[in-house]
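Enquirer: can't give you the sequence, but here's the structure:
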């Protein structure tokens, strides 16, 4: 019997004592000079990703790969994506941050891309098109769809916070996603930003046992405690994502060491806040 | 001075007397046997796409490429995508059906992928994350972001039809998108399904001059007239998309001829309904 995504995540979080997810958002304009000067862009990105993985994986329960940064380079970017995935250690969980949202065959092909072709453990999914956009990502035993709930950006307020027939849209989305996952072979989680603790609490109350992928925790750790208090429970796992703060901790020769230090700091801060 | 997307679309629609957009959703399982038996899958897909383009471009004002079908093959799929784009005649407009929706740098990279790297004229975009998810696609003069408004699938009712503080969510989205585009160097359009004529009319009333990309018109033509009456106006252009009905009109040796016939039939039916 295949282990569930949640079981694997729990095991990994216990063994590495970390809820930190390292976000691989490799921005060509922010690569360390030493990498950019000596090789073609695609190779520089790959070297960077491998160095970051090597430096940070002991502090991370998971890695999240943001597909936008790879896709911008076309087929070369997809090669870098595939080779970056090959460099990830077996024991970390891997999330394709794709935010895909389409229906029917299109959704099935996107799910096949994330889970079959790329072999990721989870994928982020957009809810606007409704059940038929999410459901194809819930058909994979042992894999999870993290659906956008309440995101951390300013524009989240445009639609997600609207009062929709008695509840905020993000709560309606969270409630529906939990119901859809209850009937499916695969699992669901939710993307919930760290910037709105009230939303985080409300969604946790609505979905006590879904894992949350939480971007937006800052360097100061002030809100790390708030986030952990609001969202991390015995049943409800959290993955706290940090990308730029780790990746670009230094632009010098010591970029990998600096990333390792930053990841370990964040890991410790989050553990202390549990 | 660069022509606007809307001007180019209008010119093309007048010269080919067509509002038809051919959707390239190349499904490996539905390729004609003759193509699948004789070459590797990626080559078969490319041969298929080229044959469909050759057979249908005279009847089409635009082509829409559904990225899911390419992405499922990873880097090989992106090669097929890039080579398919190279096979499209200069005069047709090209839409990347990507339904991307992310923020900040991620959104900028997705926009760069669609507009700079792939060179498409328009891209479909998901609105759930709000203004910061849409705005990066509105920064390209002469290019357009088609934002999901009211889609044609059953799940559209889950969230899009909700009453949000006095208006349906899809109308709120349409209204905001029109306002965001008014301030931007690029242009916006909306994706509005053919299956709900009342929604189509309501969105046209709210956004009289945005182009609509309309999927879901059936073979019968019964609703072609309804769609054109509801959405096509002097200021408001429409693009009516058809994918499977054209691509898989025949699975035999005559697949390209059958696709040409089907595209020309649809073109004529839509012109008659204007």
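Expert: Nice, I can see it. Everything quoted here is computed from the prediction, not taken from an experiment. Numbers count the residues shown, from 1 in each chain, chains lettered A, B, ... in the order given.
Enquirer: From here on, just use CA atoms for contacts and neighbour counts.
Expert: Fine.
Enquirer: Can you pull the poorly scored residue ranges out of chain A?
Expert: Within chain A, the ranges that satisfy pLDDT under 70 run A:1, A:219-222.
Enquirer: Show me the longest helix that occurs in it.
Expert: Of all the elements of type helix in chain A, the one with the most residues (DSSP state H) is helix A:255-273.
Enquirer: what helices or strands is that helix leaning on?
Expert: Packing partners of helix A:255-273 (3 or more C-alpha pairs under 8 Å, 6 or more residues apart in numbering or on different chains; DSSP states H and E): strand A:20-24, helix A:41-56, helix A:222-231, helix A:244-247.
Enquirer: can you put these in JSON lines and add mean neighbour count and distance to residue B:189?
Expert: Shown next, in JSON lines, are these (neighbours: other C-alpha atoms under 10 Å in any protein chain shown; distance: least, C-alpha to C-alpha, whole Å):
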{"stretch": "strand A:20-24", "mean neighbour count": "27", "distance to residue B:189": "32"}
{"stretch": "helix A:41-56", "mean neighbour count": "20", "distance to residue B:189": "34"}
{"stretch": "helix A:222-231", "mean neighbour count": "20", "distance to residue B:189": "38"}
{"stretch": "helix A:244-247", "mean neighbour count": "22", "distance to residue B:189": "33"}
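Enquirer: can you list these in a markdown table and add distance to chain B?
Expert: Output for those, formatted as a markdown table (distance: least, C-alpha to the nearest C-alpha, whole Å):
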| stretch | distance to chain B |
| --- | --- |
| strand A:20-24 | 11 |
| helix A:41-56 | 13 |
| helix A:222-231 | 21 |
| helix A:244-247 | 11 |
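Enquirer: List of residues touching the longest helix of chain A?
Expert: By C-alpha atoms under 8 Å, 6 or more residues apart in numbering or on different chains, the surrounding residues in contact with helix A:255-273 are A:17-20, A:22, A:32, A:51-52, A:55-56, A:59-60, A:219, A:221, A:224-225, A:228-229, A:245-250.
Enquirer: Can you list the residue ranges for strands in chain A?
Expert: Remark: strands assigned in chain A by DSSP state E are A:20-24, A:62-66, A:93-100, A:122-125, A:144-150, A:163-164, A:167-168, A:187-192, A:212-214, A:238-242.
Enquirer: Export the ones you listed as JSON lines, with columns for distance to residue B:179.
Expert: Shown next, in JSON lines, are those (distance: least, C-alpha to C-alpha, whole Å):
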{"stretch": "strand A:20-24", "distance to residue B:179": "33"}
{"stretch": "strand A:62-66", "distance to residue B:179": "29"}
{"stretch": "strand A:93-100", "distance to residue B:179": "24"}
{"stretch": "strand A:122-125", "distance to residue B:179": "26"}
{"stretch": "strand A:144-150", "distance to residue B:179": "23"}
{"stretch": "strand A:163-164", "distance to residue B:179": "21"}
{"stretch": "strand A:167-168", "distance to residue B:179": "23"}
{"stretch": "strand A:187-192", "distance to residue B:179": "27"}
{"stretch": "strand A:212-214", "distance to residue B:179": "30"}
{"stretch": "strand A:238-242", "distance to residue B:179": "33"}
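Enquirer: closest one to residue B:274 among these?
Expert: Nearest to residue B:274 among these is strand A:93-100 (34.5 Å), distances taken as C-alpha to C-alpha.
Enquirer: Okay, now the sheet partners of the closest one, with direction.
Expert: strand A:62-66 (parallel), strand A:122-125 (parallel) (DSSP bridges).
Enquirer: Out of these, which is the most enclosed?
Expert: Counting by mean count of other C-alpha atoms under 10 Å in any protein chain shown, strand A:122-125 has the highest mean neighbour count of these, with a mean of 28.
Enquirer: Now do the same contact list for residue A:60.
Expert: For residue A:60, the contacting residues are A:16, A:18-22, A:92, A:263, A:267, by C-alpha under 8 Å, 6+ apart.
Enquirer: Now do the longest helix of chain A: distance to the chain's middle.
Expert: Helix A:255-273 sits 17 Å away from the centroid of its parent chain (C-alpha atoms, centre = their mean, to the nearest Å).
Enquirer: what comes up buried for it?
Expert: In terms of neighbour count (16 or more other C-alpha atoms under 10 Å in any protein chain shown), helix A:255-273 has its buried residues at A:255-271, A:273.
Enquirer: quick revisit: turn the strands paired with strand A:93-100 into JSON lines, including distance to residue B:189.
Expert: Converted to JSON lines, the strands paired with strand A:93-100 look like this (distance: least, C-alpha to C-alpha, whole Å):
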{"stretch": "strand A:62-66", "distance to residue B:189": "26"}
{"stretch": "strand A:122-125", "distance to residue B:189": "23"}
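Enquirer: hang on, the earlier thing: compute the inter-axis angle for the longest helix of chain A and strand A:238-242.
Expert: Helix A:255-273 runs at 150 degrees relative to strand A:238-242, counting by axes from the mean of the first three to the mean of the last three C-alpha atoms, to 10 degrees.
Enquirer: circling back to that earlier point, ok, which of the helices and strands packed on helix A:255-273 comes nearest residue B:43?
Expert: Among those, the nearest to residue B:43 by C-alpha to C-alpha is helix A:41-56 (24.7 Å).
Enquirer: Determine how far that closest one lies from the middle of the whole chain.
Expert: On C-alpha atoms, centre = their mean, the centre of helix A:41-56 falls 18 Å from that of its chain.
Enquirer: list the helices and strands that helix packs on?
Expert: Applying 3+ C-alpha pairs under 8 Å, 6+ apart, we find helix A:41-56 packed against helix A:33-38, helix A:74-86, helix A:255-273.
Enquirer: Any chance of these in CSV with distance to residue B:215 as columns?
Expert: What follows is the helices and strands packed on helix A:41-56, written out as CSV (distance: least, C-alpha to C-alpha, whole Å):
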stretch, distance to residue B:215
helix A:33-38, 44
helix A:74-86, 27
helix A:255-273, 46
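Enquirer: of all those, which lies closest to residue B:212?
Expert: Short answer: helix A:74-86, nearest of those by C-alpha to C-alpha, at 27.7 Å.
Enquirer: so what secondary structure elements neighbour the closest one?
Expert: Against helix A:74-86 (3+ C-alpha pairs under 8 Å, 6+ apart) you get helix A:41-56, helix A:67-71, helix B:74-86.
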